[in-house]
Structures are given as structure tokens and as C-alpha cells.
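**Student:** all I have is the shape, not the residue letters:
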């Protein structure tokens with residue numbers, strides 16, 4: 001199986017922290033939005049911001065159908081308590 005480049009895009013209140021493919025010998029940067037597959041696998045690690053909203057992660061690769069994933073994020077009750085105590 002040939003390694004294919006996968007490009008990740010994220011919309012909404014969040015960021016792509018990094019990418020990976022599980023290849024222990026890979027020298028590709030992990031702080032990126034694109035990664036080559038390894039045995040057909042690629043991953044993106046995302047993080048929401050402190051804003052409630054909907055994140056949509058899209059993955060594109062030449063010759064393959066585009067994939068979408070939707071994540072709904074909201075501010076944690078525990079984060080609000082922690083921020084309140086820290087600011088007191």
C-alpha cells in the first residue's frame with residue numbers, strides 16, 4: 001500500500017495541535033496540517049478553544065473521498081470553577 005498525503009482542515013473554535021501516522025521512523029513534522037499515511041492510517045489531534053461551538057474536521061487525499069467529522073464543544077463546568085478560583 002502506497003503512503004498517501006492527507007491534508008487536514010479544521011473550522012470552528014479550535015486548532016489542529018498536530019498530526020501523526022504511527023510510523024516510529026517518520027521524520028515528518030508533527031506540528032503540521034498534512035501527513036503521509038502509514039499502513040493506511042493518519043491522525044489529527046485537535047483542541048477546542050474556550051468558546052462553545054461546533055468544530056468540523058475535514059481530511060482530503062488525492063484519489064480518495066473527502067472525510068468529515070463534527071465535534072460539539074462546550075465550556076466545562078470544572079473549567080469555569082477553576083478559572084473563578086484562580087482569579088479570586
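**Tutor:** Nice, I can see it. Only a predicted model underlies this, so the values are computations on that prediction, with no experimental measurement involved. Residues are numbered from 1 along each chain as shown.
**Student:** I'd like the distance between residue 45 and residue 62.
**Tutor:** For residue 45, the distance to residue 62 equals 23 Å [C-beta to C-beta, to the nearest Å]. Every residue, glycine included, has its C-beta placed from N, CA and C.
**Student:** leaving out chain neighbours, which residue sits closest to residue 66?
**Tutor:** residue 60 (5.0 Å; C-beta to C-beta, 6 or more residues apart in numbering).
**Student:** any idea how far residue 4 is from the one you found?
**Tutor:** 10 Å.
**Student:** hey, what's residue 70 bridged with?
**Tutor:** Beta-bridge partners of residue 70, counted by DSSP bridges, are residue 56.
**Student:** not counting sequence-adjacent ones, nearest residue to residue 34?
**Tutor:** Nearest to residue 34 is residue 7, by C-beta to C-beta, 6+ apart, at 4.8 Å.
**Student:** whoops, I mixed them up, residue 63
**Tutor:** Residue 63 sits nearest to residue 4 (C-beta to C-beta, 6+ apart), 7.3 Å away.
**Student:** the one you found: neighbour count?
**Tutor:** For residue 4, the neighbour count with other C-beta atoms under 10 Å is 14.
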